[in-house]
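Undergrad: have a look at this prediction, sequence included:
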Amino acid sequence: MNTDGISSVFAEDGPIAVPNGVAIDQDGNIVVVNVDSTADITYDPKGDVVRVEHAAESGSDAIVVLDDGTKYVSSVKFGSVSRIRLGKEVEVIATGIPSAASMCYDSIQHQLVIPMNSNYALAFIKL
């Protein structure tokens, strides 16, 4: 949405398909995950694709980007969390999280916090 309160299409087609989670990285780029694939798409502020990375499992629901560029993606489908780091293999760092949906980062405790809606509970993943 611009300063006049008018919205417009930022990105469409290409690697984006059923976008679900959005975050801003340390460079001001917009990072989007797709629930129907493993794609993690980074767009510059103009809407051009900067890079496409992939989570370890599909069903991406949320993404957290740390200051060092490390990305954490939750899979609502598989109940897991993937860690994506530039130049390294993607890895699953947590499993067994029922309906791993939205997620946030607690910078004080250095952990991810993930709601488990069907369990009326939260998962805490120390990083």
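TA: Nice, I can see it.

Undergrad: which SSE is the closest residue to residue 104 other than its chain neighbours in?
TA: Of all residues beyond its chain neighbours, the one nearest residue 104 is residue 113 (5.2 Å), with distances taken as C-beta to C-beta, 6 or more residues apart in numbering. Every residue, glycine included, has its C-beta placed from N, CA and C. Secondary-structure assignment from DSSP states H and E places residue 113 in strand 111-116.

Undergrad: who are the packing partners of that strand?
TA: Strand 111-116 makes packing contacts with strand 71-75, strand 104-106, strand 121-126 when contacts are defined by 3 or more C-beta pairs under 8 Å, 6 or more residues apart in numbering; DSSP states H and E.

Undergrad: which parts of the chain are helices?
TA: Under the criterion DSSP state H, the chain carries no helices.

Undergrad: can you list the weak-confidence ranges in it?
TA: 1-2, 13 (pLDDT under 70).

Undergrad: how far away is the spatially most central residue of the chain from residue 95?
TA: Among the residues of the chain, residue 63 comes closest to the average C-alpha position under C-alpha atoms, centre = their mean, at 1.7 Å. Remark: distance between residue 63 and residue 95 (C-beta to C-beta, to the nearest Å) = 18 Å.

Undergrad: what of residue 31?
TA: Using C-beta to C-beta, one gets 23 Å for the distance from residue 31 to residue 95.

Undergrad: out of those two, which sits in the more crowded spot?
TA: It is residue 31, of residue 31 and residue 95, that has more neighbours when counted by other C-beta atoms under 10 Å, with 22 against 12.

Undergrad: wait, that one touches residue 20, no?
TA: No. Because the distance of 11.9 Å does not satisfy C-beta atoms under 8 Å, residue 31 is recorded as not touching residue 20.
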